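>>> I would like to see how this sequence folds:
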Amino acid sequence: MNSAITVVCAFYKRFPIARGMTTYAVLWPSASICQQFIAGNDKLDFIQAACYGFFGCFVMAPTIHAWLGLTNTMFPSVTLGTAIVKLANALVVLSSTAEDGEIEVRISALVEQTTFGPAMMSSFFFGMSLLEGNSVGAAVVELRVKFFPTFKVGVFIWTTINIVNYSLIPAQHRIIFIGVCSFVWTVFLAYIKQLQVSKQQPTI
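Reported below is the predicted structural model:
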């Protein structure tokens, strides 16, 4: 038993992406099942849960692994203080000059919220819709309807999570930390995802 655990630990240490894929392969379908329980479904949809597991394992985990590797290279040393300062600097600052009335907009720490976050959120709605058997056109419509309300919530939640992740969590554990945090977030995504497009006008 101990030897088997040692082999598994050695494997995950050698291939850290596998650790993230395993985490998402468990967390994402679990989040789908949790959402179905909360919604009071009479019968659990295990096919839907399997789709979440596939997407989490083979899309989300590898992409997040690559993104974290990139950010670790770009920002190798981030402390809690610098993370908070970056968040403060990320607030949109408007200033006008007497000469031309230019508006200067400075955005720094929200790079992830304006690049990686929207890309992954778009891939979720679009990709999951295709996995459910919908057409490309239907997937595009669903993305258009559901993206912005979800994005607004995500900006607030994930900005806070990222401050903690980049400043307090060791690099080798960051993908696991994000995976755990994403459980509740994925339950929320599953809720938004299951809403009918014709009725989906959430006030969030």
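>>> Which residue ranges of the protein form helices?
Assigned by DSSP state H, the helices in the chain fall at 2-14, 16-39, 46-55, 61-74, 80-90, 111-114, 116-131, 136-168, 174-194.
>>> give me the low-pLDDT residue ranges for this protein?
Applying pLDDT under 70 to the chain flags the ranges 1, 74-111, 179, 198-204.
>>> Report the spatially nearest residue to Ala190, omitting neighbours in sequence.
Using CB to CB, 6 or more residues apart in numbering and skipping the chain neighbours, the partner closest in space to Ala190 is Gln35 (3.8 Å). Any C-beta I mention is one placed from the backbone N, CA and C, and that applies to glycine too.
>>> distance of the one you found from Thr160?
22 Å (CB to CB, to the nearest Å).
>>> Look at those two and report which has more neighbours.
For Gln35 versus Thr160, neighbours defined as other CB atoms under 10 Å are more numerous around Gln35 (22 against 12).
>>> list the contacts for that one?
187, 190-191, 194 (CB atoms under 8 Å, 6 or more residues apart in numbering).
>>> Mind doing that once more with 10 Å?
41, 48-49, 52, 186-194 (CB atoms under 10 Å, 6 or more residues apart in numbering).
>>> can you put those in a markdown table and add neighbour count?
Converted to a markdown table, the contacts of Gln35 look like this (neighbours: other CB atoms under 10 Å):
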| residue | neighbour count |
| --- | --- |
| Asn41 | 13 |
| Gln48 | 21 |
| Ala49 | 20 |
| Tyr52 | 27 |
| Thr186 | 26 |
| Val187 | 18 |
| Phe188 | 17 |
| Leu189 | 24 |
| Ala190 | 23 |
| Tyr191 | 16 |
| Ile192 | 21 |
| Lys193 | 21 |
| Gln194 | 15 |
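>>> Now do the contacts for Leu70.
Phe116.
>>> change it to 7 Å
Listed by CB atoms under 7 Å, 6 or more residues apart in numbering, Leu70 has no contact partners.
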